[in-house]
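J.: Predicted model and sequence follow; I will ask about them next.
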Amino acid sequence: MPNQPLTVFLAAPRGFCAGVDRAIKIVEMALTKWGAPVYVRHEIVHNKFVVDGLRAKGAVFVEDLKDAPVDRPVIFSAHGVPKSVPAEAQARNMIYVDATCPLVSKVHIEARRHSESGFQLVMIGHKGHPETIGTMGQLPDGEVLLVETVRDVQAIDVRDPGRLAFVTQTTLSVDDTAEIVTALKARFPAIVGPHKEDICYATTNRQAAVRAMAPKVDAMLIVGAPNSSNSRRLVEVGLRAGCAHAQLVQRAKDIDWRAMEGISKLGVTAGASAPEVLVNEVIDAVRARFDVTVSLVETAVEDIEFKVPRVLRQTT
Ligand code: SF4
């Protein structure tokens, strides 16, 4: 019996962003320059496939800088680190390379600038996420008030409502964050911050593509890791935009085929840390069960690239 026809709507842009691409290149170039092992503090990007691939080439992943020996180079992940981490590496005389995405570093600079101008800082972000820890860690402990929800905005106790600023995590939901920013401005009319928020171009574009695709499809597969903030947001955006079933899958083996029964239109996208090879794996698995026609849903074209740090561009 012939397979059931299925149109796969493929989101563009999807997958790797410029910050993830740069961070992976940094580890690869560090391995070429210094040889294995090279230590990496935290998963360089939140994707097991990427991390396992780098581990096979000689990268060693540790959560705490103390677990890296002083005589090997160490790389800080794309999510950014508190100020205390490079300070500790310096104190231990270690070679370190910072793979923090330049768009996260930009938020770190904003945070420090506001504090130096005498403003207390509010951060909109997810508690415990490494990016939030890194940005809050640009200022002394207790200096940054974290808000995750509109309700948190009502609960915070600020020093001076006239000298307040906000920054955000780069991988949040654009819609949820707009609501939180509105609540902050309503409660603290003098609060200063970025024009809209600090959500990066890659997060914004991937969410816009999902929003455009969701009403067209019966189900959606988002390729990404469960600890990837921007991938999880894509699931939420898809459901909110009207798709009845949106599933986060790390690999093709994770697909819930029962949810695919009887569908004729499937959306596929990938979070910013998910490689294209896994998107292809997922589409190949769908092809094995359906008669697939692929249709691109392109809502933006990206041509952003970030340079790797100078130390890795030097040949000696
Ligand atoms: S998702 Fe955005 S902030 Fe994060 S690494 Fe990619 S470009 Fe940078």
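T.: Thanks, I have the structure now.

J.: what does the chain have sitting close to the ligand?
T.: Contact residues (C-beta under 6 Å from any ligand atom) of the chain with the ligand: 17-20, 78, 101, 103-104, 170-171, 200, 202-203, 230, 272. Every residue, glycine included, has its C-beta placed from N, CA and C.

J.: And L139, how close does it get to the ligand?
T.: As defined by C-beta to the nearest ligand atom, to the nearest Å, L139 lies at a distance of 20 Å from the ligand.

J.: dump the residue contacts of that residue.
T.: Each residue near L139 by C-beta atoms under 8 Å, 6 or more residues apart in numbering is listed here: A111, R112, S115, L121.

J.: Can you say which of the residues you listed are buried?
T.: Among the contacts of L139, those that count as buried by neighbour count (16 or more other C-beta atoms under 10 Å) are A111, S115, L121.

J.: Would you mind listing the residues in contact with R289?
T.: Taking C-beta under 8 Å, 6+ apart, one finds N3, W257, M260 in contact with R289.

J.: Can you pick out the ones from those residues that are in strands?
T.: Assigned to strands by DSSP state E, none of these qualify.

J.: Just the buried positions in the lowest-mean-pLDDT helix or strand in the chain, please.
T.: One helix or strand of the chain scores below all others by mean pLDDT, DSSP states H and E: helix 310-313, with a mean of 94. Residues L312 are the ones in helix 310-313 that count as buried (16+ other C-beta under 10 Å).

J.: same thing with stretch 231-244?
T.: S231, R232, R233, L234, V235, E236, V237, G238, A241, C243.

J.: now swap in stretch 283-294 and tell me
T.: The neighbour-count check on stretch 283-294 (16+ other C-beta under 10 Å) flags I283, A285, V286, F290, V292 as buried.

J.: mean confidence score for that stretch?
T.: For stretch 283-294, mean pLDDT rounds to 98.

J.: Could you work out the end-to-end span of that stretch for me?
T.: By C-alpha to C-alpha, to the nearest Å, the extent of stretch 283-294 from end to end equals 9 Å.

J.: distance of the closest residue to G35 other than its chain neighbours from P73?
T.: Setting aside the residues directly before and after it, G35 is nearest to G58 in space (C-beta to C-beta, 6 or more residues apart in numbering), at 7.5 Å. The spacing between G58 and P73, counted by C-beta to C-beta, to the nearest Å, is 11 Å.

J.: Quickly list what's touching both of those two.
T.: Common neighbours of G58 and P73, counting by C-beta under 8 Å, 6+ apart, are V38.

J.: okay, those two: which has more neighbours?
T.: Between G58 and P73, counted using other C-beta atoms under 10 Å, P73 has the larger neighbour count: 20 against 14.

J.: For the nearest residue to that one once chain neighbours are set aside, give me its contacts.
T.: Excluding the flanking residues, the one nearest P73 by C-beta to C-beta, 6+ apart is I95, at 4.2 Å. Contacts here follow C-beta under 8 Å, 6+ apart; on that basis I95 touches W34, R72, P73, V74.

J.: Quick check: I95 vs the ligand, distance?
T.: 23 Å.

J.: ok, that residue to G137 distance?
T.: Plainly put, I95 is 22 Å away from G137 if you go by C-beta to C-beta.
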